[in-house]
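*Asks:* please work out how this folds:
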Amino acid sequence: MAQIKLIESTAHNFKSHRDLCVKFGDLTKITGDNAEGKSSTLEIPTWTLYGTDTFGSKMDPTPTNYKYDHVMAETLLEVDGKEIKFGRGIEKGKITYYVNDVPSKAGDFDDIVKSLFDKDLFLALYNPSYFFSLHWEKQRELMLRYTAAPTQKEIFAEMSRTSPDQKHKDIKLNPQAEKLAELVKKHTMPQLVEIHKKNKNDKDAAHKRAQGRTEALEDQIHKLPDIPEDIEAIKAEDAELVTQIRAIHEKIELADEPKRKQAVLEGTLDNLRQQVVAARDRYMRVHGEEIAEECPTCKRPFDDGAKKAAEANKENRKKPLREEHDKLVARRKELEAELAAVELVDVSELWQQMRTLEQRRDVTADTIAGHKRREALMSDLAKARDEEAATLESRNDSIFILDAIKAFEAKEAEVQAAKVQNMFQSLTIRLFKEQKNGEIKADFVIEMDGKTPAQLSLSEGIRAGLEVRDVISTQSEMIAPCFVDNAESITRFKSPAGELITCRVVADQKLKIEQG
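*Replies:* Numbers count the residues shown, from 1 in each chain. Got it, this is the predicted structure:
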């Protein structure tokens, strides 16, 4: 264990001490009447190291009842067998620092002190009442700082333990511990809390939506007409009706062919008749042309040769026109004969048969469509129920994990509290408290016989402080000087590890310091 010893403290113009030198031994007894400087003697080491009193509060050691030139406090320590001397002074209103009598900067001075021991730890070991002056969170942190926390494996085993004497090797993890042991391979406990709190909230909302979807589908299915049990027979009947309707439709298509042919022929004939009239008109225009008797330009009469040439030209132009007209007339007669030969078929009975079949099929088709609609809705309902079940399962899984984490935290608190409690003999320690919602919150309460430190008598408070101090010393593996103030109020106590300094009030006695 690391060991700190006080070898010597000196003070010049330090509060009521004009000049004081204290040599410390394994037991140092400080006695004297009130206001003789017993407490300020104990403050020399703490002011030298930290500029504070023994409770860690900043203090001004300058004298108030006499004139002085400067203030100086020095403390010689032995840390793990090596001596080191610290000095702190006030010169002309400025703080000065010394290490082994060598002037030092404030930062360097503080770094050297910190490298040797922690401030809170030193003050808690030096002044047993210091611990109780801290806020409960700081008390808790200091108490647990040097106490090994239980491992997850240890907590899982404790969660599954069925009897106090059950061996760890015989323990089979319970479902909560088994689940968490697998999950913590990928995530920390705080991460699992965040993941599954969010998932639970998300799945709560999703489950409500899924329930609404399921109820809506069930309502739609309930409103559908009942499907006959012989749906397969209805499907077969529907298929037969489709076949019959197609057959009649094909007959109607065949029966409609002459009508379509008639319409085509009539359309063609109308067009052809117009062509015959147009051809006749072209022919008659040429046929009606007159042969001129004289030249239209010079007015000279045509001779016989010119007249004959003009008549020959006219006949040549009439011939193709007449042939075209005759050809169109012949084609018209052919189509008229073909149209006259078309025989129309009466399909009214076929149409009536098809309408009757279609009316019957409307019933079967509606029944089959209703069946398909029901099947589709039933499929959607099955999916919605699966989704609802999966959502609920995921939600319940997160609830199970969150409950498992609560159980883990409760067991962790229990195990850790037991570890700490086992270090004490007369004090009771509480490290956690359970909230109304079942969550475990950090807490720190220390009691002796059901009383808090504020309720203890002076002697009880000294014993409680020494017990806490020794636990911290053991756990931190550090031995340091310890003083007991108002020692006259307690008849006996267990001597703490390390140097002991006792302060007793002795009426009408000047300050006296002895080593024993």
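*Asks:* and the helices in the stretch 351-500 of the chain?
*Replies:* Ranges of helices in the stretch 351-500 of the chain, per DSSP state H, counting those that start in this stretch, are 458-476.
*Asks:* tell me where it has strands.
*Replies:* 427-434, 440-448, 478-479, 482-484, 500-505 (DSSP state E, counting those that start in this stretch).
*Asks:* how about the ones you listed in JSON lines, adding mean neighbour count and distance to E232?
*Replies:* Yep, even glycine has a C-beta here, placed from its N, CA and C like the rest. Formatted as JSON lines, these follow (neighbours: other Cβ atoms under 10 Å; distance: least, Cβ to Cβ, whole Å):
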{"stretch": "strand 427-434", "mean neighbour count": "16", "distance to E232": "65"}
{"stretch": "strand 440-448", "mean neighbour count": "17", "distance to E232": "64"}
{"stretch": "strand 478-479", "mean neighbour count": "20", "distance to E232": "90"}
{"stretch": "strand 482-484", "mean neighbour count": "23", "distance to E232": "97"}
{"stretch": "strand 500-505", "mean neighbour count": "20", "distance to E232": "102"}
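*Asks:* can you redo these as TSV with distance to A413 and mean pLDDT?
*Replies:* Supplementary listing: those in TSV, determined by distance: least, Cβ to Cβ, whole Å; pLDDT from 0 to 100:
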stretch	distance to A413	mean pLDDT
strand 427-434	4	90
strand 440-448	5	91
strand 478-479	27	96
strand 482-484	31	95
strand 500-505	35	94
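*Asks:* relative to I84, which of those strands is closest?
*Replies:* strand 478-479 (15.9 Å; Cβ to Cβ).
*Asks:* who touches that closest one?
*Replies:* Strand 478-479 is contacted from outside by 1-4, 117, 121, 125, 473, 497-498, using Cβ atoms under 8 Å, 6 or more residues apart in numbering.
*Asks:* that one pairs with which strands, parallel or anti?
*Replies:* strand 2-14 (parallel) (DSSP bridges).
*Asks:* now do the partner strand and helix 458-476, the angle between them.
*Replies:* 130 degrees (axes from the mean of the first three to the mean of the last three Cα atoms, to 10 degrees).
*Asks:* now the element after strand 2-14, going C-ward?
*Replies:* Going down the chain from strand 2-14, the next helix or strand is strand 17-23, by DSSP states H and E.
*Asks:* now do the buried residues in stretch 252-263.
*Replies:* Within stretch 252-263, no residue counts as buried by 16 or more other Cβ atoms under 10 Å.
*Asks:* got it, and stretch 447-454?
*Replies:* Quick answer for stretch 447-454 (16+ other Cβ under 10 Å): 447-448, 453.
*Asks:* A330: which of the strands of the stretch 351-500 of the chain is closest?
*Replies:* Nearest of the strands of the stretch 351-500 of the chain (Cβ to Cβ): strand 440-448, 114.7 Å.
*Asks:* show me what contacts the residue nearest to Q220 when sequence neighbours are not counted?
*Replies:* Computed as Cβ to Cβ, 6 or more residues apart in numbering, the closest residue to Q220 that is not its neighbour in sequence is L377, at 5.7 Å. Applying Cβ under 8 Å, 6+ apart to L377 gives the contacts 217, 220-221, 224.
*Asks:* now, the residues you listed that are in helices?
*Replies:* 217, 220-221 (DSSP state H).
*Asks:* just checking, next helix/strand downstream of the helix or strand T243 falls within?
*Replies:* If you go by DSSP H and E, T243 is part of helix 231-287. Using DSSP H and E, the helix or strand that follows helix 231-287 towards the C-terminus is helix 304-341.
*Asks:* buried residues, that following helix. List them.
*Replies:* 318, 321, 324-325, 328-329, 332, 335.
*Asks:* which element is Y98 on?
*Replies:* Per DSSP H and E: strand 94-99 holds Y98.
*Asks:* in terms of secondary structure, what does the next helix or strand after that strand contact?
*Replies:* Scanning forward in sequence from strand 94-99 by DSSP H and E, the next helix or strand is strand 102-104. Strand 102-104 sits against strand 94-99, with contacts defined as 3 or more Cβ pairs under 8 Å, 6 or more residues apart in numbering; DSSP states H and E.
*Asks:* can you tell which of the strands of the stretch 351-500 of the chain is closest to T188?
*Replies:* strand 440-448 (16.6 Å).
*Asks:* touching, K494 and R469? I think so.
*Replies:* No. The criterion here is Cβ atoms under 8 Å, and K494 misses it with R469 at 10.6 Å.
*Asks:* neighbour count for the two, which is higher?
*Replies:* Ranked by neighbour count (other Cβ atoms under 10 Å), K494 and R469 place R469 first, with 24 against 10.
*Asks:* tell me the contacts of the more buried one?
*Replies:* Neighbours of R469 in contact, by Cβ under 8 Å, 6+ apart: 124-125, 128, 131, 482, 496.
*Asks:* and R300, by the same measure?
*Replies:* E294 are the contacts of R300 under Cβ under 8 Å, 6+ apart.
*Asks:* restrict the strand holding Y98 to CA atoms and write it as CSV.
*Replies:* Extracted in CSV, the C-alpha atoms of strand 94-99 (Å, rounded to 0.1, in the frame of the first residue of the first chain):
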residue,chain,number,x,y,z
LYS,A,94,0.9,37.5,-3.7
ILE,A,95,0.9,33.7,-3.2
THR,A,96,4.3,32.1,-3.5
TYR,A,97,5.1,28.4,-3.9
TYR,A,98,8.2,26.2,-3.1
VAL,A,99,9.1,22.6,-3.7
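*Asks:* and for that strand, what are the contacting residues?
*Replies:* 51, 74, 84-90, 103-106, 108-109, 112.
*Asks:* figure out which of the strands of the stretch 351-500 of the chain is closest to F302.
*Replies:* strand 440-448 (137.2 Å).
*Asks:* flag the shaky bits of the chain, pLDDT-wise.
*Replies:* Along the chain, segments meeting pLDDT under 70 span 162-171, 295-297, 299.
*Asks:* grab the most central residue of it for me.
*Replies:* I195 (5.0 Å; Cα atoms, centre = their mean).
*Asks:* give the contact list for that residue.
*Replies:* Counting by Cβ under 8 Å, 6+ apart, the residues that I195 touches are H187.
*Asks:* quick one, phi psi at it?
*Replies:* phi -60, psi -50 (degrees, to the nearest 10).
*Asks:* how much space between it and K208?
*Replies:* Distance, I195 to K208, by Cβ to Cβ, to the nearest Å: 21 Å.
*Asks:* ok, for R213, nearest residue in space, not its chain neighbours?
*Replies:* The shortest distance from R213 to any non-neighbouring residue, by Cβ to Cβ, 6+ apart, is to A384 (4.7 Å).
*Asks:* and the one you found, how far is that from M72?
*Replies:* Taking Cβ to Cβ, one finds A384 at 85 Å from M72.
*Asks:* burial measure for T28, as a count.
*Replies:* 21.
*Asks:* after the helix or strand where it lies comes which helix or strand?
*Replies:* Counting by DSSP H and E, the element that carries T28 is strand 27-32. Using DSSP H and E, the helix or strand that follows strand 27-32 in sequence is helix 38-50.
*Asks:* CA atoms only: put that following helix into PDB for me.
*Replies:* Extracted in PDB, the C-alpha atoms of helix 38-50 (Å, rounded to 0.1, in the frame of the first residue of the first chain):
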ATOM      1  CA  LYS A  38      -5.100  23.500  17.900                       C
ATOM      2  CA  SER A  39      -7.300  23.500  14.800                       C
ATOM      3  CA  SER A  40      -5.000  26.000  12.900                       C
ATOM      4  CA  THR A  41      -2.100  23.600  13.600                       C
ATOM      5  CA  LEU A  42      -4.000  20.900  11.700                       C
ATOM      6  CA  GLU A  43      -4.600  23.400   8.800                       C
ATOM      7  CA  ILE A  44      -0.900  24.000   8.100                       C
ATOM      8  CA  PRO A  45      -0.500  20.800   5.900                       C
ATOM      9  CA  THR A  46      -3.800  21.400   4.000                       C
ATOM     10  CA  TRP A  47      -3.100  25.100   3.400                       C
ATOM     11  CA  THR A  48       0.400  24.300   2.300                       C
ATOM     12  CA  LEU A  49      -0.800  21.700  -0.200                       C
ATOM     13  CA  TYR A  50      -4.100  23.100  -1.400                       C
END
